[in-house]
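**Student:** Predicted model follows, preceded by the sequence.
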Amino acid sequence: MLSLAGGAILALFILSLLALALARSSLAHHLVYGGSFAASGVLAGAALFGLGHSGPAETLTLPIGLPWLSGHLRLDLLSGYFLLVVNLLAALASLFGWQYGRHEKEPQRVLPFYPLFLAGMSLVVVADDAFIFLLSWEFMSLSSWLLVLAAHEEMDARRAAYVYVVMACAGTILLLLAFGLLAGANGDYSFAAMRTHRLSPLLAAGVLALTLAGAGSKAGLVPLHVWLPLAHPAAPSHVSALMSGVMTKVAIYALVRILFDLVGPPQSWWGVVVLLVGGITALLGVLYALMQHDLKRLLAYHTVENIGIIVIGLGLSLAFRAEGLAALAALALAAALFHVLNHALFKSLLFLGSGAVLTATGERDMERLGGLIHRMPVTAFTFLIGSAAISALPPFNGFVSEWLTFQAILGGALSETWVLKFAVPVVGAALALAAALAAVCFVKAFGVVFLGRPRSDAARDAHEVGRVMLAPLAILAALCVVLGVLPSGVIQLLRPLVTALVPEAPVPLEGTSWLMLIPLGLERSSYSGFIVLVSVALLAGTLVVAIHRLASDRVRRGAAWDCGFPDARPATQYTASSFAQPIRRIFGSVAFGAREQVEMPEPGDVRPARFEVAIGDPAWDGIYAPLARLVAFVAGKLNATQFLTIRRYLSLMFAALVLLLMLVAVSQ
Amino acid sequence: MRAIVLELLQLALTVALAPLLTGLVRFVKARLNGRRGPSLIQPYRDVIRLLHKDVVLAENASWLFRVSPYLIFTAVWLAAAIVPTFAVGLVLAPTADLIALVALLGSARFLLALAAMDVGTSFGGIGASREMMIASLAEPAMLMVTFTMALLVRTTSLPHIAEFVLTHDVGIRVSLGLALVSLMLVAIAENARIPVDNPATHLELTMVHEAMVLEYSGRHLALVEGASMLKLVLYLSLIACLFVPWGLALEAGDGRAIAIGIASYLGKLAAGGVLLGVFETSIAKLRVFRVGEFLGGALLLALLAAVFLYVSQGL
């Protein structure tokens, strides 16, 4: 299977070259999206086959790589699971892009890099040495950077791409250092060697910090998230879906691979650190999301929130594992990995849905949309399912994984460590608050975009998008329902994987049947999405029949009541900003330094009144802006060294040489 | 078989009792205000009258607006069918634990808020926005109460919590008291009661729940109103099940135990309704933006309850 997967990845690289050669022709368009669809389908199939097939992990040695280290690929259960997540979504996004990308103004800025991006992501998860891993990681980063730059004539996109490339490079350097520590002084960069190499506690802590910062910057952990809401929305929508839904998962893969597999058994305080970072990320992500009125940026901030939820699960698992509560560690890890798949599904669904809205109206600003449920019924319905799923509402898939995370959190009561005892309920409260705020945010997003009356001509004249774009939306929405109602299939996929990563644990979610999800025993807790769905359908059906038969089934249409004063102007509706105002009042001044300014003209003055809201991101104002100023200041000072005489340059070189020799002498 | 019969009995009982409980609360409030008030069964008449009326839909109402009342009512009904009211051993009980129950109610609220925004009136938006703000604070408080219970009894499954409290000597604990107060604050907020919202208001700018349902009429309005009556029953049942489960028929209970269970359940509901009426009469409504403090208090109390349990298993 691995050679098949390798072949498909190679095909993606060739597609990229072909697209370069064919440049602007329409053949390139069909070749790239059709080819990517096929290659991703093959990869997803290979991954699924590999997951179902028990046996030792497949390995493959490539003739390329560093001179003393040929390239290694390996397909174990963890790689297989992430390969499946990546390529399932990649196939659907390619299908969407096939039609969505047809009206791209400059296709030559998208087509060659799209297969490269897909190949990079797939290669990261099957890499089995640090060199191939980092190389494909950079393929993934730089090709997505080029895709963000596709809309290069927009100032915002250029700025987003700049911030992104700086953060991506910094992240890769940190990961490189983490692998350096893992490899040790002998410098064997294959993962197999790293597994056997045991680190001192101090060095292992260094690996934790570097991995959290390096992979975390790609995943969007607060405060390293600042590039994400800029860059994800700037790319074409099917690429946004992949960046937000899938690329962040590749970063989660890096976290899991290093922290659960390569570095060895965790220390007791690691879990608490990861847990707190996750909690802060989840809460701040959703609060920022609530303040947005650009649909795609709102979705990007929600990615930050959901990454927080996944990282909470990982942190719990590390903490429980260090404490010897293996069953709970397995449960928390299973919940986190399940949420990886769930988030990939509904976030891609929502981003593709926003792409459909963008195609139909040309608008991303929610304040200029509205009433699209009448003109885009299929998009609206699938977006509704995605919204309910991301808001963790039963019976959809997002709820299942958040519920499992909550079950693991409740298990924190068994912990003996004091720090953990206090951290767990606080993180539980943060998670609960984040879940509730997500529901607020998606009532706002769906309500303002799809319900009510159109707020602009573009929204009034919108038409449903074509079938090729609707098909992936429908498939993703169906998956969100199926995984919520019958989660046992995914649980079965996850069981051997979790057991491989937490070998001391019993089989996670042992009592679970196809009908009932039972994390720790029926007397502890249980949930069945299937029964919820079936009983709601039965009860509602009975109600409809009974009421229509026995009471009344007549419907009249009339003007809206609106307390007797209906106003025909759509501007009288609640907007996204007004919807979020109560939340802004409660959390605003602390969390985002929100400033509201009302300008009321004097009586007799005919100017309209003005109302302005300014929202800041404290991470940006507090960390990045000073950092950028510092860099600019230092660069300004160093600028003088560009204009020296040759004698001065030579003496500088001599001084540097002496300094280095002294360092060598001291360290020997 | 027993489980199915009990379940059907409970489904019927909760729906049948819901208007009566609302009537009782209104009756108590009227008497305390010095009015005679409508009869106890007036809510039944209201619901039946509404069911027989035509639905007047706003011109741009979508399918979501028409489907929501049925789904909202059913979701609350299903939630009410899961809480052990007079007996444990209901067939639907393992469907959802306390956390899933809260989320199920969240689904109903999500739909109601969306339906409120569907017609595109300013009142619908104001109601939806405020309702979601209240919910976003009430839901975490509720989950922290769950957390406290889970720490104490090691389960979130409702029948098992009730059984634990019945069969073990839990005693009077500070953290249980805090959790109870917190849950009551949440119940008041979730049921749109004074001081958070006023179910009898006709002043548009102070409405929350009423603003959301302004556009509903006929059978749709009957279902939405019915759902909020049912929700009041649900929350009182939940408080009864968690904190005063005495009288509940256990798994092995015979017909006599079930009869005792039903009688004690009716007594608990009546007591809850009277207490709610007295409380609502004795307090003034809060400004909308003070609600954050009210529910923030609930959240902190619940968190404190959990922390107390950590500090000392004896408290």
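**Tutor:** That came in fine, so what should we check first?

**Student:** Pull the number of nearby residues for the one residue in chain A that gets nearest to chain B.
**Tutor:** In chain A, no residue comes nearer to chain B than residue A:574, which is 2.4 Å away by Cβ to the nearest Cβ. (Each C-beta comes from the backbone N, C-alpha and C, glycine too.) Residue A:574 has 25 neighbouring residues, counting by other Cβ atoms under 10 Å in any protein chain shown.

**Student:** Can you list the low-confidence ranges for chain B?
**Tutor:** Applying pLDDT under 70 to chain B flags residues B:204, B:312-315.

**Student:** hmm, back to that, what's the pLDDT at the residue of chain A closest to chain B?
**Tutor:** On the pLDDT scale, residue A:574 is placed at 91.

**Student:** which non-adjacent residue is nearest it?
**Tutor:** Counting by Cβ to Cβ, 6 or more residues apart in numbering or on different chains, the nearest residue to residue A:574 once its immediate chain neighbours are dropped is residue B:125, at 2.4 Å.

**Student:** So the one you found is in contact with residue B:116, correct?
**Tutor:** Yes - contact criterion Cβ atoms under 8 Å: residue B:125 and residue B:116 qualify, at 7.4 Å.

**Student:** more crowded one of these two?
**Tutor:** Shown here are residue B:125 and residue B:116; by other Cβ under 10 Å, residue B:116 has more neighbours (31 against 27).

**Student:** The more buried one contacts residue B:210, doesn't it?
**Tutor:** No - with contact defined as Cβ under 8 Å, residue B:116 does not reach residue B:210; the gap is 10.6 Å.

**Student:** Need the residues touching each of those two.
**Tutor:** Both residue B:116 and residue B:210 are contacted by residue B:127, under the criterion Cβ atoms under 8 Å, 6 or more residues apart in numbering or on different chains.

**Student:** in which helix or strand would I find residue A:334?
**Tutor:** Per DSSP states H and E, residue A:334 falls inside helix A:326-361.

**Student:** Rounded mean pLDDT for that helix, please.
**Tutor:** For helix A:326-361, the mean pLDDT works out to 95.

**Student:** Can you mark which positions in the longest strand belonging to chain A are buried?
**Tutor:** For chain A, the strand reaching the highest residue count under DSSP state E is reported as strand A:58-66. Across strand A:58-66, burial judged by 16 or more other Cβ atoms under 10 Å in any protein chain shown covers A:58, A:65.

**Student:** mind listing what that strand pairs with, with the direction of each?
**Tutor:** strand A:69-75 (antiparallel) (DSSP bridges).

**Student:** Identify the residues contacting the partner strand?
**Tutor:** Contacts with strand A:69-75, where a contact means Cβ under 8 Å, 6+ apart, come from A:1-2, A:5-6, A:46-47, A:50, A:57-65, A:83, A:126-129, A:131-132, A:188-192.

**Student:** Stretch A:44-54 now?
**Tutor:** Defining contact as Cβ under 8 Å, 6+ apart, one finds that stretch A:44-54 is touched by A:1-2, A:4-5, A:8, A:58, A:75, A:77, A:80-81, A:83-84, A:87-88, A:90-91, A:493, A:496-497.

**Student:** next one: stretch A:113-123
**Tutor:** Contacts of stretch A:113-123 (Cβ under 8 Å, 6+ apart): A:5, A:8-9, A:12-13, A:15-16, A:19, A:32-33, A:35-36, A:39-40, A:43, A:83, A:86-87, A:90, A:94, A:97, A:132, A:136-141, A:143-144, A:146-147, A:239, A:242, A:246-247, A:250.

**Student:** What mean pLDDT does that stretch get?
**Tutor:** The average of the pLDDT scores along stretch A:113-123 is 95.

**Student:** In that stretch, which residues are buried?
**Tutor:** Quick answer for stretch A:113-123 (16+ other Cβ under 10 Å): A:113-123.

**Student:** circling back to that earlier point, the residue of chain A closest to chain B and residue A:56: what is the separation?
**Tutor:** For residue A:574, the distance to residue A:56 equals 59 Å [Cβ to Cβ, to the nearest Å].

**Student:** count of neighbours near residue A:652?
**Tutor:** As a burial measure, residue A:652 scores 12 neighbours (other Cβ under 10 Å).

**Student:** How about residue B:180?
**Tutor:** 18.

**Student:** Is it within a helix or a strand, and which one?
**Tutor:** Using DSSP H and E, the element containing residue B:180 is helix B:174-190.

**Student:** Also residue B:56?
**Tutor:** strand B:55-58.

**Student:** which residues does the closest residue to chain A within the stretch 51-200 of chain B contact?
**Tutor:** Across the stretch 51-200 of chain B, the shortest distance to chain A (Cβ to the nearest Cβ) belongs to residue B:125, at 2.4 Å. Neighbour list for residue B:125: A:447, A:452, A:573-574, A:578-579, B:116-117 [criterion: Cβ under 8 Å, 6+ apart].

**Student:** Which two of those have the greatest separation?
**Tutor:** A:578 and B:116 (13.7 Å; Cβ to Cβ).

**Student:** Out of the buried residues of stretch A:113-123, which sit inside helices?
**Tutor:** A:113-123 (DSSP state H).

**Student:** And chain A, is the helix or strand harbouring residue B:230 touching that?
**Tutor:** Using DSSP H and E, the element containing residue B:230 is helix B:218-243. Yes - on the criterion Cβ under 8 Å from any Cβ of the partner chain, helix B:218-243 is in touch with chain A at B:218-219, B:223.

**Student:** ranges for the helices of the stretch 151-300 of chain A?
**Tutor:** Secondary structure of the stretch 151-300 of chain A, counting by DSSP state H, counting those that start in this stretch: helices at A:155-183, A:191-196, A:201-219, A:228-234, A:237-242, A:248-256, A:268-290, A:295-323.

**Student:** Mind jotting down where the strands sit in chain A?
**Tutor:** With strands called from DSSP E, chain A shows them at A:58-66, A:69-75, A:555-558, A:595-599, A:610-614.

**Student:** wait, which of those strands is closest to residue A:294?
**Tutor:** The closest of the strands of chain A to residue A:294 is strand A:610-614. By Cβ to Cβ, the value is 14.2 Å.

**Student:** That closest one pairs with which strands?
**Tutor:** Short version: by DSSP bridges, strand A:610-614 pairs with strand A:595-599 (antiparallel).

**Student:** In CSV, could you pull the C-alpha coordinates for the strand it pairs with?
**Tutor:** As requested, the backbone C-alpha atoms of strand A:595-599 are provided in CSV (Å, rounded to 0.1, in the frame of the first residue of the first chain):
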residue,chain,number,x,y,z
ARG,A,595,-13.8,50.5,21.9
GLU,A,596,-17.2,51.7,21.0
GLN,A,597,-17.6,55.2,19.8
VAL,A,598,-21.0,56.9,19.3
GLU,A,599,-21.1,60.2,17.4
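
**Student:** what's next to that strand, contact-wise?
**Tutor:** Residues contacting strand A:595-599 (Cβ under 8 Å, 6+ apart): A:584, A:609-614.

**Student:** Centre of the chain to stretch B:166-173, how far?
**Tutor:** 25 Å (Cα atoms, centre = their mean, to the nearest Å).

**Student:** How about stretch A:196-204?
**Tutor:** The answer for stretch A:196-204 is 30 Å, by Cα atoms, centre = their mean.

**Student:** Could you give me the buried positions within that stretch?
**Tutor:** Buried-residue list, stretch A:196-204, by 16+ other Cβ under 10 Å: A:197, A:199, A:204.

**Student:** In TSV, list the residues you listed along with pLDDT.
**Tutor:** Output for these, formatted as TSV (pLDDT from 0 to 100):
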residue	pLDDT
A:197	86
A:199	87
A:204	93
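
**Student:** near chain A, anything from the helix or strand just after the strand holding residue B:56?
**Tutor:** Sequence order places helix B:63-82 as the next helix or strand after strand B:55-58, per DSSP H and E. Yes - on the criterion Cβ under 8 Å from any Cβ, helix B:63-82 is in touch with chain A at B:63-64, B:70-71, B:73-75, B:77-78, B:81.

**Student:** For the residues you listed, give me CSV that also has distance to residue A:254.
**Tutor:** As requested, the residues of helix B:63-82 next to chain A are exported to CSV (distance: Cβ to Cβ, whole Å):
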residue, distance to residue A:254
B:63, 44
B:64, 41
B:70, 46
B:71, 41
B:73, 47
B:74, 44
B:75, 40
B:77, 46
B:78, 42
B:81, 45
